[in-house]
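Chemist: Sequence first, predicted model second:
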Amino acid sequence: MSRVGKNPVTVPDGVDIAVVGHRVTAKGKLGELAYEATDDVVVAVQDKLVVVTPASQSKRSRSMWGTARARIQNMVTGVSEGFTRELQINGVGYRAAVQGDKLSLQLGFSHDVNYPIPKGITVKCEKPTSILISGADKQQVGQMAAEIRAYRPPEPYKGKGVKYLEETIVRKEGKKK
């Protein structure tokens, strides 16, 4: 019995949800997202609630039950509130700036790293050392943050690099005489 899957998804005001076959579509103030559910689950809308049930009692069906419910919950949250991820840049000369539809990063390489901003994602740099990524699709926001962090992950000796705001870097002691 899935503890995640058995809870129905509540649909807030301002969000329209439609189920056609296995395709679930959510529309809200921040855009429109769609999810193609597998044949292993049955998705139904019952007055402001989205109920996901397994199609059979197979292991795959029970596995996809919680996954489908979580994906639908993330869609509903995304189109109503959105998701944000904040990155922090530490290091001398390390900085970021938004230039049109590209994010320009200076991370200590011989060249600037220009990261194209995908559609549906907004990027803000209030300070040159902080990047705020926001959008309706949780997967897309997290993927972009992970790719930017991967250019220069934080190192444990001086803490230089790109890190998530809530991340703590376990520091190591340097060389001793």
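Modeler: Yes, it's here. Numbering: from 1, shown residues only.
Chemist: Please give me every residue in contact with the closest residue to Leu107 other than its chain neighbours.
Modeler: Counting by Cβ to Cβ, 6 or more residues apart in numbering, Arg152 is the residue found nearest to Leu107 once chain neighbours are left out, at 4.3 Å. Quick note: C-beta positions are derived from backbone N, CA and C, even for glycine. Counting by Cβ atoms under 8 Å, 6 or more residues apart in numbering, Arg152 makes contact with 91, 94, 107-108, 160-162.
Chemist: mind running it again at 6 Å?
Modeler: Contact partners of Arg152, counting by Cβ atoms under 6 Å, 6 or more residues apart in numbering, are 107, 161-162.
Chemist: Please identify the buried residues of the top helix by length along the chain?
Modeler: Criterion DSSP state H: the longest helix present in the chain is helix 59-80. For helix 59-80, a neighbour-count test (16 or more other Cβ atoms under 10 Å) marks 61-80 as buried.
Chemist: quick one: which of the contacts of Arg152 has the most company?
Modeler: The most crowded member of the contacts of Arg152, judged by other Cβ atoms under 10 Å, is Val162 (24 neighbours).
Chemist: residues touching the nearest residue to Val15 once chain neighbours are set aside, list them.
Modeler: The spatially closest residue to Val15, leaving aside those adjacent along the chain, is Gly28, at 4.4 Å (Cβ to Cβ, 6+ apart). Counting by Cβ under 6 Å, 6+ apart, Gly28 makes contact with 14-15, 79-80.
Chemist: Show me how this structure divides into domains.
Modeler: Domains of the chain are assigned by automatic domain parsing as 9-80, 83-164.
Chemist: Distance of Pro154 relative to Lys163?
Modeler: Taking Cβ to Cβ, to the nearest Å as the measure, Pro154 falls 4 Å from Lys163.
Chemist: between these two, which one's more packed in?
Modeler: Between Pro154 and Lys163, Pro154 has the larger neighbour count (other Cβ under 10 Å), namely 21 against 18.
Chemist: Return the distance of the nearest residue to the more buried one once chain neighbours are set aside relative to Tyr115.
Modeler: Leaving aside its chain neighbours, Pro154 sits nearest to Gly161 (3.7 Å; criterion: Cβ to Cβ, 6+ apart). Separation of Gly161 from Tyr115 (Cβ to Cβ): 16 Å.
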